[in-house]
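J.: For reference, the sequence and a predicted model appear below.
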Amino acid sequence: MHKYLEIKEKLKKDILDQKYKIGESIPSERDLASVYNVTRVTVQKAMANLVQEGYIERIHGKGMFVLKNTASNIYILNNEKSDSILGFSREFQGRVNVTSRLITFTTIQADPALSQHLEIQPGDNVWFIRRVRLLDGQPVLVEDTNIPVQTIADIPQSVLEKGSLYGYIEEYTGKKISDADSLIEAALFDRELATLLDIKPGDAMLKITEVTRLSDKKAFNYSISYNRADLFRVKNLRIER
């Protein structure tokens with residue numbers, strides 16, 4: 001096991017054993033590096049894992065504080081050390097095992113609303129992809145993806161099942177993914193979506209609608225993800241004035 005994972009597990013055990021209570025600070029990275037005789041970089045990797053799993057939060061200028069002390073997994077979206085704009089697979093890469101179950105992979109014709117989101121013409125062909133995304137084997141969200149065929153002419157099914165779609169798109173286009181506009185709403189799971197996640201209809205949902213663009217500012221994906229609200233938290237960007 002990597003040293004940073006050992007440190008993460010030791011700190012997690014201390015939190016679960018309530019050595020550190022909810023709201024209490026944990027030792028600084030400098031102090032932890034001294035205790036475990038490792039570099040601060042190693043400690044930072046351990047901390048990033050604990051942040052991603054929802055056990056602690058980092059408050060700039062103050063330190064790190066305990067968010068929860070139970071073993072239920074909580075995953076943080078838009079964590080400051082993640083790559084959320086680069087897609088779900090790469091956001092959680094190296095932290096948990098990310099897998100996908102492909103439900104639908106077909107082409108549709110863009111209606112006026114979809115064509116406006118993707119900045120294409122009504123009737124243009126669009127890849128429609130529905131996948132269940134799993135973390136460590138647990139279904140956590142359903143993701144609907146809409147990509148113009150004129151932008152990405154070919155998508156191997158293997159990429160959708162076992163790879164990173166966004167990584168493939170960057171390689172295919174030779175362009176970087178640059179930005180995304182997101183809307184986050186509270187909603188409830190209907191029977192169809194709940195069945196895919198093996199949960200009850202009416203359970204709470206975080207619905208995230210997003211338009212993502214390449215470095216040339218071309219919209220290449222209109223997506224809607226239906227996230228289990230009991231498993232996900234969204235971290236706000238830090239705003240200063």
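T.: Everything's here; your move.
J.: Next, count neighbours for residue 165.
T.: Counted with other CB atoms under 10 Å, residues neighbouring residue 165 total 24. C-beta coordinates here come from the backbone N, C-alpha and C atoms, glycine included.
J.: where do the strands sit along this protein?
T.: Per DSSP state E, the chain carries strands over the ranges 56-59, 63-66, 75-77, 98-109, 125-135, 138-148, 177-188, 204-214, 219-228, 232-234.
J.: can you put the ones you listed in a markdown table and add mean neighbour count?
T.: What follows is these, written out as a markdown table (neighbours: other CB atoms under 10 Å):
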| stretch | mean neighbour count |
| --- | --- |
| strand 56-59 | 17 |
| strand 63-66 | 18 |
| strand 75-77 | 21 |
| strand 98-109 | 14 |
| strand 125-135 | 19 |
| strand 138-148 | 21 |
| strand 177-188 | 13 |
| strand 204-214 | 19 |
| strand 219-228 | 22 |
| strand 232-234 | 17 |
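J.: which stretch in those is the model least sure about?
T.: Across those, strand 75-77 has the smallest mean pLDDT, namely a mean of 68.
J.: Save the strands of the chain as JSON lines, and put in distance to residue 161 too.
T.: Shown next, in JSON lines, are the strands of the chain (distance: least, CB to CB, whole Å):
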{"stretch": "strand 56-59", "distance to residue 161": "33"}
{"stretch": "strand 63-66", "distance to residue 161": "37"}
{"stretch": "strand 75-77", "distance to residue 161": "21"}
{"stretch": "strand 98-109", "distance to residue 161": "5"}
{"stretch": "strand 125-135", "distance to residue 161": "8"}
{"stretch": "strand 138-148", "distance to residue 161": "13"}
{"stretch": "strand 177-188", "distance to residue 161": "21"}
{"stretch": "strand 204-214", "distance to residue 161": "21"}
{"stretch": "strand 219-228", "distance to residue 161": "17"}
{"stretch": "strand 232-234", "distance to residue 161": "23"}
